Structure formats: C-alpha cells, structure tokens
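Visitor: next comes the sequence, and after it the predicted model I'd like to discuss.
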Amino acid sequence: MTLPFFPPDLFDDEQDTLLDIVESIGLAPEQKFILGAHTTRFEEVVRDSVGAADAIACGSGTAALTLVLRAMGVGPGDEVVVPAFGCAPLAAAPAMLGAVPVFADVDPWTTVADPAEVDRLISPRTKVVMPAHMFSVMADMPAIRAIADAAGVRLLEDAAVAQGGVLGGTPAGLWGDAGVYSFVQVKTFGMPGEGGMVVTADPELGAMVRMLRNHGQDGRTRFVHHHIGYNSRFDEIMAAFQLHRFATLPHRLERRARIGEYYTERFGELAGCGVLAPPPAVDGRCYYVYSLLVERRDALRDHLAGQGIGSHVYYPAALPRQPAFAPYARGGAWPAAEAAARRTLAIPIYPHLTDAQVEHIADAVCRFAKES
Ligand SMILES: *Cc1c(COP(=O)(O)O)cnc(C)c1O
C-alpha cells in the first residue's frame, strides 16, 4: 500500500464536470472569463453559507489578506500582530504594505496564537490583529476578539484552512471584522487553480475590498479609479466548478473530521512516548491537515516512508527565523513556535482515504511510538 501525502487523484471524480465547464464557458457568446455571473453566484453562495453581509472572490488567500489589510488602512508605521508559527503570507502581507508584522508566540499544544501573547504585544501602533487557524484547530477567537475590542483595533481572521469550521456557534471567517478563505488545491475546498475569498459582516469593508481587487473601480463605472488597487480577480471556470462542488463540501469536511477524530483517539495514549496528537474536541476543529508534535520527528518520517506512507513538515521554521522576516524579529523569543517547527509532522487526512488506509497509517504511527 502506497499512500502519498499529496494525493495525485484529487479531482479524478470531477474531471468530466471540469471539462464540460471549460467547454461551455469557453464557447459561450459573451466570452466572459473573469468576474462574471458564475463568480457573482459563487460569492452569494459562500456569503449565505456563513451569513456574511458580503463575500468577495479574489486571486488567492494571500491576496485576500492583502486586500483586507489595505481596506483596513494598514500602511507604513502600523503594526499587525500575527502568529510566530504559520505560513509566509501572515508576515509577508503586512510587510508588503510597509507595516511591521509583530510575532506572537503560539500555544505549545495547539500551535495557534497564544491570546496572552497577542494581548502583551498590542501597542499604540497596532492597527490589526491577524490570528490564523492552524492545521486542525481554530484559533482562540473568543479571547482574541475580546482583546481586539478592548484595544480598539481591527481583527482579520485568517481562515484559509478553516472554511466550514465552527467555534462556539460562529462560523470560521465571521469572528473577525473580515475573514479569508483559500481555494488553492491542497485546502479543504481546494480547486485546480488559484483563488481566495473575503467574507465580512461589514458592508463598507466589503465594498472597499471589492474595489481594491479590480484596480479601485466600483463595478458600475469603468475607468474611474477611486483607489490605487490590485488585479486580484476571480476566474469564471473555477467559480462554476466550485459552485458545482459546493454541495459536497460538508460531506468531505465530515469525512476529514471522522479521520481526524479516529487518529486523535488512537494516538491519545502516545503522549508519554513522544508523539502528541492535537487535543480532542469537536468544537472549533477544521481538519485541513492532521499534524502531530513528535520528539523524534525525522525518525517517524523515515519510519512512515519505509511503509509507503507520505508525511509532510508544515512548517520547518518559525516565521521570525525565516531570512525574509528576520528584520522584524527584533531579538524576541518564540520558544513554542520554534519547538513546533522542530516537532511538527503531518500525516495524510484527505477524504478519499479508505477506513483500511486510515487504520494502516494509525497502526504505523502507534508501532513507531511504542517500539522506539
Ligand atoms: C494557504 C494559506 C494562506 C494562503 O493562501 P493562498 O491561496 O495559497 O495564497 C494563507 N494563510 C494560511 C493560514 C494558509 O494556510
């Protein structure tokens, strides 16, 4: 049995649909390939699925973060509090706007931003707090929402990996003044292309993002540029494809959750053997990636590879330890983020794994932990 970490057959069931869509949009008389009726409909469907006031499709999850930060007025001299462990755009998006990413250390078990650290790092220059949901665990949004409100700063929720997740009855994406989803291939609602979405309960913020994604135009009058904007538009073929698949998203998320819950149950007893699974819970889970914290991480990686099981390291360095972001590190210390970077190892969780394959993976992890 060979189980790659990134499955090569992600869209096999949907190839015919995709080809039909390419043909119908490609041959349609209106020849509309970006920001057409399919994109509008896709925005409405996502907006209504979480009860947002507006949803704006754009070029990528990274672009979505940038558009929202710009719409919130972030610029030179401002600070944006971000997690010290996570993907590059968390630091790059504020930095690109001339702002300073301020790195908050993370919770050593869940690896999401530690609210006490976020609180400690708020300064008079803080403009936005930008937590991210990580792997399978949503950030502590009630605590961070309270911190942002008390400080009078904006909250941008990076829900790139958490579309469909719910915490305390509120959908991922709606805890923030704005939230962001990504549709890049590997994400839970990934597609064969680049794309992202901003959701917000704030119509004014939504309108600003909408203008910024298309060169600062308001969508009514062409060639009137109200703001210096971006080209961050959405592809009609991808919109039609995602609309077609939207009804099956809950089913796929459910399957991921079943696999994740099974892993967590199997691995509960391994904590004393140097393999730590995420804390068991139903609320606030998203199961994009199932990541373990492993003392002998590289040995487990080799052990799994020996049995044909792929695994992956997200992320091998804390953000302030990356060469690009070191100028923002300013002599700080992020012990939990650095420990996570040394120990994290993700195992396969894609929804088309069979029960037998999932059991095989869990057996291999358990054998490693107990025999070494
Ligand atoms: C994937 C990801 C992004 C970026 O999304 P892209 O669509 O790849 O630009 C941003 N934040 C987090 C937490 C992500 O996992």
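Guide: Good, I have the coordinates.

Visitor: export stretch 243-259 as CSV, just CAs?
Guide: Below are the C-alpha coordinates for stretch 243-259, written out as CSV (Å, rounded to 0.1, in the frame of the first residue of the first chain):
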residue,chain,number,x,y,z
LEU,A,243,-20.4,26.1,-7.4
HIS,A,244,-20.9,22.7,-8.8
ARG,A,245,-18.9,21.1,-5.9
PHE,A,246,-20.2,23.3,-3.1
ALA,A,247,-23.0,20.9,-2.1
THR,A,248,-20.4,18.1,-1.5
LEU,A,249,-18.2,20.2,0.8
PRO,A,250,-19.9,19.4,4.1
HIS,A,251,-19.6,15.7,3.2
ARG,A,252,-15.9,16.0,2.5
LEU,A,253,-15.4,18.0,5.7
GLU,A,254,-17.3,15.4,7.6
ARG,A,255,-15.1,12.6,6.3
ARG,A,256,-11.9,14.6,7.3
ALA,A,257,-13.4,15.1,10.8
ARG,A,258,-14.1,11.3,11.1
ILE,A,259,-10.5,10.5,10.1
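
Visitor: let me see the mean pLDDT of that stretch.
Guide: Average pLDDT, stretch 243-259: 97.

Visitor: which outside residues touch it?
Guide: Residues outside stretch 243-259 that contact it (Cβ atoms under 8 Å, 6 or more residues apart in numbering): 14, 17, 21, 38, 41-42, 45-46, 49, 163-164, 188-189, 191, 285, 287-288, 290, 349-351, 353, 358. (Each C-beta comes from the backbone N, C-alpha and C, glycine too.)

Visitor: okay, now the domains of this protein?
Guide: 12-246, 249-371 (automatic domain parsing).

Visitor: winner for burial among those domains?
Guide: Mean neighbour count (mean count of other Cβ atoms under 10 Å) peaks for domain 12-246 among the domains of the chain, with a mean of 20.

Visitor: near the ligand at all, that domain?
Guide: Yes: Domain 12-246 reaches the ligand (Cβ under 6 Å from any ligand atom) through 60-62, 86-87, 89, 132, 158, 160-161, 182, 184, 196.

Visitor: between the two ends of that domain, how far is it?
Guide: Taking Cα to Cα, to the nearest Å, the first and last residues of domain 12-246 lie 16 Å apart.

Visitor: just how off-centre is that domain within its chain?
Guide: 9 Å (Cα atoms, centre = their mean, to the nearest Å).

Visitor: over to stretch 9-29?
Guide: So, by Cα atoms, centre = their mean, the centroid of stretch 9-29 is 26 Å from its chain's centroid.

Visitor: which of the contacts of stretch 243-259 fall in strands?
Guide: residue 290 (DSSP state E).

Visitor: so what sits opposite residue 80 in the bridge?
Guide: With DSSP bridges as the criterion, residue 80 is bridged to residue 101, residue 128.

Visitor: OK, contacts around it?
Guide: 69, 74, 94, 99-102, 126-130.

Visitor: include pLDDT when you put the residues you listed into TSV, please.
Guide: What follows is these, written out as TSV (pLDDT from 0 to 100):
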residue	pLDDT
69	98
74	98
94	98
99	98
100	98
101	98
102	98
126	98
127	98
128	98
129	98
130	98
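
Visitor: residue contacts, the closest residue to residue 33 other than its chain neighbours?
Guide: What sits nearest to residue 33 in space, not counting adjacent residues and going by Cβ to Cβ, 6 or more residues apart in numbering, is residue 236, at 5.3 Å. If a contact means Cβ under 8 Å, 6+ apart, then residue 236 has 25, 32-39 as its contacts.

Visitor: ok and the residue in the stretch 251-372 of the chain nearest the ligand?
Guide: The minimum distance from the stretch 251-372 of the chain to the ligand, using Cβ to the nearest ligand atom, falls at residue 288 (7.3 Å).

Visitor: surely that residue and residue 162 touch.
Guide: Yes: using Cβ atoms under 8 Å, residue 288 is in contact with residue 162, at 7.0 Å.

Visitor: quick one: common contacting residues for the two?
Guide: Contacts common to residue 288 and residue 162, judged by Cβ under 8 Å, 6+ apart, are 133, 188.

Visitor: now residue 160. Its backbone dihedrals?
Guide: The phi/psi pair for residue 160 (degrees, to the nearest 10) reads phi -50, psi -30.

Visitor: now the residues of domain 12-246 next to the ligand in a markdown table, please, with extra columns for pLDDT.
Guide: Compiled in a markdown table, these are given as follows (pLDDT from 0 to 100):
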| residue | pLDDT |
| --- | --- |
| 60 | 98 |
| 61 | 98 |
| 62 | 98 |
| 86 | 98 |
| 87 | 97 |
| 89 | 98 |
| 132 | 98 |
| 158 | 98 |
| 160 | 98 |
| 161 | 97 |
| 182 | 98 |
| 184 | 97 |
| 196 | 98 |
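
Visitor: take those residues and keep only those in strands.
Guide: Using DSSP E, the subset of the residues of domain 12-246 next to the ligand located in strands is 158, 182, 196.

Visitor: before we move on, back to that, between the domains of the chain, which one is closest to residue 2.
Guide: domain 249-371 (4.1 Å; Cβ to Cβ).

Visitor: so how far is that closest one off the chain centroid?
Guide: 16 Å.
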